[in-house]
Structure formats: structure tokens, C-alpha cells
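[1] how would this look folded up:
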Amino acid sequence: MHGPMTTAEALAVARLRQWCCDRLQLASARTCDYRRVGWQQRQDRQFDSRLVRVIDFGRVLASLDADEQTALVLAYRDRERFPAIAQMLHCSVRKVAYLIPAARRKLAAALDKLNLL
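    From the prediction side, this is the model:
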């Protein structure tokens with residue numbers, strides 16, 4: 001879709017998609033099974049680890065420029081094509097073609113630096 005990716009970039013894209021899924025589940029309170037029959041040990045660790053992943057990834061994503069954040073989310077979460085992304089960012093398709101791989105590399109480097117890949 002956007003040219004060849006390094007392993008770190010592919011992991012960064014996987015983390016982006018996981019972040020979107022985790023955020024959605026946290027927002028809708030579907031992270032834990034609240035239906036209980038009798039007493040059961042609560043699974044706090046699963047919820048807490050998901051929350052920490054979402055917060056950590058959100059910080060790294062926020063460190064990118066606004067256009068880079070938007071382009072990555074539109075490309076990998078919403079699966080938009082270059083012309084649609086260019087229209088939303090008010091730029092040329094060519095700029096988007098350069099912006100997405102550069103943003104992907106920056107995201108992968110930032111995640112790798114914090115050991116979040």
C-alpha cells in the first residue's frame with residue numbers, strides 16, 4: 001500500500017492498529033467480562049496493561065506532527081487511499097506519498113526508543 005516496510009515499521013503499524021482497538025474497547029467498557037456467577041478473582045492486570053499500552057502509545061503518537069498523526073491514522077486505522085488523505089490534509093497526493101512512510105519511520109523509531117515495539 002505505501003511501499004516496502006522495515007520490520008520495525010510493520011510492528012509500529014501493528015501497534016497503531018492495536019492501539020485503535022484497545023482505545024475503542026476501553027471507551028466502550030468491553031475490556032473485561034463483568035458477568036459473574038458467584039465470586040471470581042478480578043482480572044485487573046489485563047485491564048491495567050491495556051490501559052498502559054493505550055496511554056504509552058498515545059504519548060508517542062502525540063510526539064509526531066499533526067499532519068503525520070492524521071495521515072497515519074487515516075491510512076492504517078481508516079484504510080483511506082492517498083487521494084482521500086490528501087484531500088483531508090489539503091495537500092497533494094505526492095506529499096502524502098512522502099509523508100506516510102516518513103511518519104511511519106518516525107513512529108517506529110520513537111516506539112523502539114521506548115521499548116514499545
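[2] Please count neighbours and contacts with C-alpha atoms only from this point.
    Fine.
[3] Point me to the residue sitting closest to the centre of the chain.
    In the chain, the C-alpha nearest the mean C-alpha coordinate belongs to Leu16, at 2.0 Å (C-alpha atoms, centre = their mean).
[4] Can you read off the pLDDT for that residue?
    In this model, Leu16 is scored at 91, pLDDT.
[5] For the helix or strand in which it is found, name the packing helices and strands.
    Assigned by DSSP states H and E, Leu16 belongs to helix 7-27. Contacts defined by 3 or more C-alpha pairs under 8 Å, 6 or more residues apart in numbering; DSSP states H and E place helix 7-27 against helix 44-62, helix 93-113.
[6] Would you indicate which residues of the longest one are buried?
    Using 16 or more other C-alpha atoms under 10 Å as the test for burial, helix 93-113 gives 93, 96-97, 99-101, 103-111.
[7] Residue ranges in this protein under the pLDDT threshold?
    1-3, 29-47 (pLDDT under 70).
[8] roughly how far apart are the residue nearest to the centre of the chain and Tyr76?
    Separation of Leu16 from Tyr76 (C-alpha to C-alpha, to the nearest Å): 7 Å.
[9] so how far is stretch 49-56 off the chain centroid?
    Put simply, stretch 49-56 sits 12 Å off its chain's centre (C-alpha atoms, centre = their mean, to the nearest Å).
[10] Who are the contact partners of the closest residue to Leu111 other than its chain neighbours?
    Closest residue to Leu111 apart from its sequence neighbours, by C-alpha to C-alpha, 6 or more residues apart in numbering: Leu117 at 5.7 Å. Taking C-alpha atoms under 8 Å, 6 or more residues apart in numbering, we find Leu117 in contact with 8, 11-12, 15, 108, 111.
[11] Any chance of a markdown table for the residues you listed, columns distance to Val54?
    Putting the contacts of Leu117 into a markdown table (distance: C-alpha to C-alpha, whole Å) gives the following:
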| residue | distance to Val54 |
| --- | --- |
| Ala8 | 19 |
| Leu11 | 15 |
| Ala12 | 13 |
| Arg15 | 10 |
| Ala108 | 16 |
| Leu111 | 13 |
